[in-house]
Each structure stands twice: as C-alpha cells, then as structure tokens.
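> Below is the sequence, then the predicted model.
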Protein chains: 2
Amino acid sequence: MSEISAKMVADLRKATGAGLMDCKRALQDADGYVDEATKALRAKGLADAGKRAGRDANEGIVDSYIHMGGRVGVLIEVNCETDFVARNDDFKEFVHDVALHIAAMKPQYVSADDVPEEIRAAERDVFTAQSQDIPEVAREKAIEGRLAKRLKEFALLDQEFVKDVGEKSPRTIEDLRVEAAAKLGENVAIRRFSVFELGG
Amino acid sequence: MSEISAKMVADLRKATGAGLMDCKRALQDADGYVDEATKALRAKGLADAGKRAGRDANEGIVDSYIHMGGRVGVLIEVNCETDFVARNDDFKEFVHDVALHIAAMKPQYVSADDVPEEIRAAERDVFTAQSQDIPEVAREKAIEGRLAKRLKEFALLDQEFVKDVGEKSPRTIEDLRVEAAAKLGENVAIRRFSVFELGG
C-alpha cells in the first residue's frame, strides 16, 4: 500500500467536504490514487445526501446577487436544517455561488420536474414534428430522450456550474449541492429563485 | 411680499426635488409660507409626472435588499428613461428606499390594478356578506368603497412609506415616485418586485 500523507488527506477533504477519516479510508482503498478516492467519496456523498434529502429543511437564507451594475438581479432561498448551518460560511458561499450562476445562466426552474405541463407539451410537439423520419419503433424513445435533454437546459440543478466551465470534470449545480450537504452534514435544498433582467 | 432667502429656496428644493426657479416662484406665490409652497409644488409635480408617465422608460436598475440577516429578501426593478438617470445617486436612493419598504411591509402587487380578478372577487364576496344590514340603496357603494380600500392595502404604491410612519404628513410610495420623477426630470416606474421570506 502506498504512503498516504496528511497533506493528501487534507487536500481531498477540502475538495470533497467529506470527513477526515472518510478521506483517509478512501485514499487507502484507492491505493493513493486521488481521482479514484474523489470518485468514491462523491458516490458516498450522493448516497448520504439521499438519506438526508428526506429530512426537514426549514432554516437557511435568502440571498441576492446583482450583476452588471444593476442590469440583472437574482433573489434566492436555500434551506438547511438548522440556524447554525445557515450562519456557516461554507453554506453562505454555496448560496452565493448558485446566485452568481443563476445571474449568468438564467435557468427557468429549480429542477426539470418543475417545468409546467404546457411547456413540456409544447417542447414535445416540436420534437415530434422533427422526428417523423425516425422509424416508428424508435421514435417515441428518441422524442422522450430529446425532451429530457431539453428540460434539463431549463433546470438549475442540471446545469454545469458556470465557474467550472472549461474544467476537466465540471460539476452540475446538483453536484455542488451534494458537496455542500456532505460538508455541512445537513440536508441542503434550493427552494426557489427569481431573476429580473432589466427590461426583460 | 415677504423676503425669500436663498436658504428657504434651497430647503424647499431639497424637500420637493423641484427646480430652483420653481421653488423660488412657489415661495413668492405663497408669500413665504413653506407648507403652502410645498403643497403647490407637489401638485405641480403630480401634473408633470402625469405628462411624463406616457414616456418610454426602458432603462433603470435591478436592486435588492436583504433584511434580518437573510430571513427576508427583496428584488426590485425600477425603470427610468436614460442610462444617465439610472446611474444617478438620487435614483438609486429612491430604488433602495422602496426595496427597504417592501421588505418591511410586504405588499403583494405594485398597484391596486394588478390585483387578480379572483382575489378581487373573493374580497368582494366577504364585504358583500358583511354588508347585508346596509340599506340596499347604499349597499353597492359601501361594498365598492371597502373593496377599494382593501385593494390599496395590498398595493405598494398606495402604502405609507415606512420611513415616514409617525410623520405629520406621511408620503405614500406613489408620492415618493412622483418626487423622484420631479427631481430627475424623467418618467420613473416601479416595474416589478419579488419578496422571499424564509420558509414563507
């Protein structure tokens, strides 16, 4: 087994938000390969976040971000479980990063599930019209696939985090949320946001 | 005619936002009575604002206000006619005052006209039920009067400015808007706002 230095553990902890012992164990299991350890911890983070997702999140903060000297503005509410975490700097930084992302990328809904049925139907009609030359046996599946992809473009959680553009493995906002939840040990939920664009 | 000092003119200008010569003339016409001159200028401001109200207002700013350490947040868009006025400190101060007012008073619509028909109908039903002992000849008028009053409670423009509470002659947000328009010489319009209350 290769040597696991304290610095490697600290770096991994910083990158993933996982606990010290979890980071050490992941590095040992991955024989010192940082990428592999990171993947394993992210997978574990997702599993833990899944468990936490059912827990009540009624605390949190309302934050705002004003972009381009007042031409774009964002208001956002993010929930967590305790007032203690709501006042934590890592939580505040997560909220602020998401607000900044929204100002830049202007998603329309928090998740693809929030897209109203009439928009969903209109998008499906477009793809149906465009798919008439696909053999009938494969057509329905192709339409649903393109629709799912399209709905994700509207959805904040599915978007690639704007600060990660050009990175080797860019995170989605959902990845960011899971990371924050892992770091803070609480359920973290983006409840709602509002974007105003001047004259828009 | 009583003596009109430069200080009186300057004070009145500051209070009403009217032009220097308009202030001087108003004070002369009012024989030096500041209250009367103020009233005359406000009436004139309203008339001028009415003329300006038809002009296009596509510039402006999006501003925000976070209250109570992140438990309440407001996003607001206010329009004016030119980018020049949008960058003016008096304009910015007006926008910020209105955002602060919204955070404190939580109006639901910009004006009473924006209240949706179903809310209007529900309120009318309540007052109709409460008005059955009013003689029929006066009943309809009484109901409409109470309804109009109620709708104004929802409406930002009709609310008393929160910083003026306890003042001898408190201004409404509409008064504030007219003042800002007079001071800046442009149409000023509150286009929209959004209020998030934590867990609300």
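Received, thanks. Numbering: from 1, shown residues only, chains lettered A, B, ... in the order given.

> other SSEs contacting the helix or strand bottoming out on mean pLDDT in chain A?
Ranked by mean pLDDT, DSSP states H and E, the helix or strand of chain A with the weakest confidence is helix A:34-53, at a mean of 75. Judged by 3 or more C-beta pairs under 8 Å, 6 or more residues apart in numbering or on different chains; DSSP states H and E, the packing partners of helix A:34-53 are helix A:6-16, helix A:20-29, helix A:173-184. For glycine as for every other residue, the C-beta is placed from the backbone atoms N, C-alpha and C.

> Any buried residues in that helix, and which?
For helix A:34-53, the buried set under the neighbour-count rule, 16 or more other C-beta atoms under 10 Å in any protein chain shown, comprises A:A37, A:T38, A:A40, A:L41, A:R42, A:K44, A:G45, A:D48, A:A49, A:R52.

> who in chain A is up against chain B?
Selection of chain A residues close to chain B by C-beta under 8 Å from any C-beta of the partner chain yields A:58-66, A:69-77, A:79, A:86, A:192, A:194, A:196-199.

> Give me the domain ranges for chain A.
A:6-52, A:59-111+A:155-197, A:116-153 (automatic domain parsing).

> measure the second one end to end?
Right, the one you point to is domain A:59-111+A:155-197. With C-alpha to C-alpha, to the nearest Å as the measure, domain A:59-111+A:155-197 spans 28 Å from end to end.

> Could you do stretch A:95-114 as well?
Stretch A:95-114: ends 20 Å apart by C-alpha to C-alpha.

> Please apply the same query to stretch A:24-36.
Calculated as C-alpha to C-alpha, the first-to-last residue distance of stretch A:24-36 is 13 Å.

> how far out from the middle of the chain is it?
24 Å (C-alpha atoms, centre = their mean, to the nearest Å).

> Just give me the lowest mean pLDDT stretch among the helices and strands packed on helix A:34-53.
Comparing mean pLDDT over those, the weakest stretch is helix A:6-16, at a mean of 82.

> any low-confidence regions in chain A?
Scanning chain A for pLDDT under 70 picks out A:1-2, A:17, A:46-47, A:49-50, A:54.

> still on that earlier bit, looking at the residues of chain A next to chain B, which are in helices?
Using DSSP state H, the subset of the residues of chain A next to chain B located in helices is A:A86.

> Restricted to buried residues, select the residues of chain A next to chain B in PyMOL.
If you want just the buried ones from these in PyMOL, going by 16+ other C-beta under 10 Å, the selection is:
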select buried, chain A and resi 59+60+61+62+63+64+65+66+70+71+72+73+74+75+76+77+79+86+194+196+198
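
> contact partners of the least confident helix or strand of chain A?
By C-beta atoms under 8 Å, 6 or more residues apart in numbering or on different chains, the surrounding residues in contact with helix A:34-53 are A:8, A:11-12, A:15-18, A:22-23, A:26-27, A:29-30, A:175, A:177-179, A:181-182, A:186-187, A:189.

> what do you get for stretch A:23-30?
With C-beta under 8 Å, 6+ apart, stretch A:23-30 has contacts from A:1, A:4, A:8-9, A:12-13, A:16, A:18, A:34, A:36-38, A:40-41, A:44.
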